[in-house]
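Enquirer: 3D, please:
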Amino acid sequence: MKAIILAAGYATRLYPLTENFPKPLLPVGGRPILDWLTSDISPAVDEIIVVSNHKFAAHFEAWAQTKEKTTVIDDGTSTNETRLGAVKDIYLAVEKHPSPDSYLVMAGDNVLDFSLLPFIVYAKKSGTSCIMCHEETSLPALQKTAVITVDQDNLITSYEEKPKEPKGTLAVPPFYFYRAEDATRIPEAIENGCNADAPGSFAAWLSARTPMHAWRMTGSRHDIGDMKSYEAVRDSYTGAKS
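Expert: Alright, predicted model coming up:
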């Protein structure tokens, strides 16, 4: 299994911190955000692929020099207006680094207070591509994220991106497990209208065409999207709970 970390965004809401420096390498709890993610998943993956834009590629390459089995891909874009989008960045990694079995895909700007290893174990046992989910009771929050419904076996029965009237209360963060045969369908998805910018749009498209399961998070995640959310965890985060 290979891991793909999406790190090609421009983080304009964190300017001036990220005007000339990538958000996934900002320090949280005394370490770059990516250090927390990669140290957790490293035992379970064969290779970690960080997809960067051209503007910040050198920063990631310098960081990766001290990391084992870590590769940086430059997607060739230099501005927020010309970005490829998360789904195309995923496929860029799939094309350049084919996996014989599966991919763990995640955003590079989240920190978690739980390990991703149980999610990987669950996904491999399920035999399908999988997503993570968590309960969300706030309607405004549900309207800003992907929302799913599942059956008694946690098989996804509906998947909507930013619904005005959510069918359920299970929100989907940007962490996915794709079987290799499913990941190679990204060009088909984009050709059929899949939004290339939002990472969850491919999972939504795929779930309507092949069985997918959902794993419920065992803790909390911190999405670092603006200065307020960054300051909330910058000095207090201590990693996944044992």
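
Enquirer: which other residues reach stretch 139-158?
Expert: Stretch 139-158 is contacted from outside by 131, 133, 136, 159-164, 166-173, 200, 203-204, 207, 211-216, using C-beta atoms under 8 Å, 6 or more residues apart in numbering. From N, CA and C alone the C-beta is placed, and that goes for glycine too.

Enquirer: export only the CA atoms of it, formatted as PDB.
Expert: What follows is stretch 139-158, C-alpha atoms only, in PDB (Å, rounded to 0.1, in the frame of the first residue of the first chain):
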ATOM      1  CA  LEU A 139     -26.400  21.800  10.500                       C
ATOM      2  CA  PRO A 140     -24.100  24.600   9.300                       C
ATOM      3  CA  ALA A 141     -21.100  22.300   9.600                       C
ATOM      4  CA  LEU A 142     -22.900  19.500   7.700                       C
ATOM      5  CA  GLN A 143     -23.700  22.000   4.900                       C
ATOM      6  CA  LYS A 144     -20.000  22.700   4.500                       C
ATOM      7  CA  THR A 145     -18.800  19.100   4.200                       C
ATOM      8  CA  ALA A 146     -19.500  15.800   2.700                       C
ATOM      9  CA  VAL A 147     -22.300  13.800   4.400                       C
ATOM     10  CA  ILE A 148     -23.100  10.100   4.100                       C
ATOM     11  CA  THR A 149     -25.600   7.600   5.200                       C
ATOM     12  CA  VAL A 150     -24.800   3.900   5.800                       C
ATOM     13  CA  ASP A 151     -26.600   0.600   6.400                       C
ATOM     14  CA  GLN A 152     -26.200  -1.700   9.400                       C
ATOM     15  CA  ASP A 153     -22.900  -3.000   7.900                       C
ATOM     16  CA  ASN A 154     -21.500   0.400   7.400                       C
ATOM     17  CA  LEU A 155     -21.900   0.200   3.600                       C
ATOM     18  CA  ILE A 156     -22.400   3.600   2.200                       C
ATOM     19  CA  THR A 157     -26.000   4.200   1.000                       C
ATOM     20  CA  SER A 158     -25.700   7.900   0.000                       C
END
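
Enquirer: quick one: buried residues of that stretch?
Expert: Neighbour counts over stretch 139-158 (16 or more other C-beta atoms under 10 Å) mark 142, 145-150, 154, 156, 158 as buried.

Enquirer: one step back: now list the buried members of the contacts of stretch 139-158.
Expert: Buried among the contacts of stretch 139-158 by 16+ other C-beta under 10 Å: 131, 133, 136, 159-161, 166, 168-173, 200, 203-204, 207, 212-215.

Enquirer: return the subset of the residues you listed lying in helices.
Expert: Those of those mapping onto helices are 200, 203-204, 207, per DSSP state H.

Enquirer: quick one: low-confidence ranges for this protein?
Expert: Applying pLDDT under 70 to the chain flags the ranges 242.

Enquirer: which residues of it fall in strands?
Expert: For the chain, the strands defined by DSSP state E occupy 2-7, 27-28, 31-32, 47-52, 70-74, 102-107, 110-112, 129-135, 146-150, 156-161, 170-172, 175-179, 212-216, 221-223.

Enquirer: other residues contacting the fifth one?
Expert: So the one you mean is strand 70-74. 38, 47-54, 57, 60-61, 64, 92-93, 96-97.

Enquirer: redo that, cut-off 10 Å
Expert: By C-beta atoms under 10 Å, 6 or more residues apart in numbering, the list of residues contacting strand 70-74 from outside reads 2-5, 7-8, 34, 38, 42, 47-65, 89, 92-93, 95-97.
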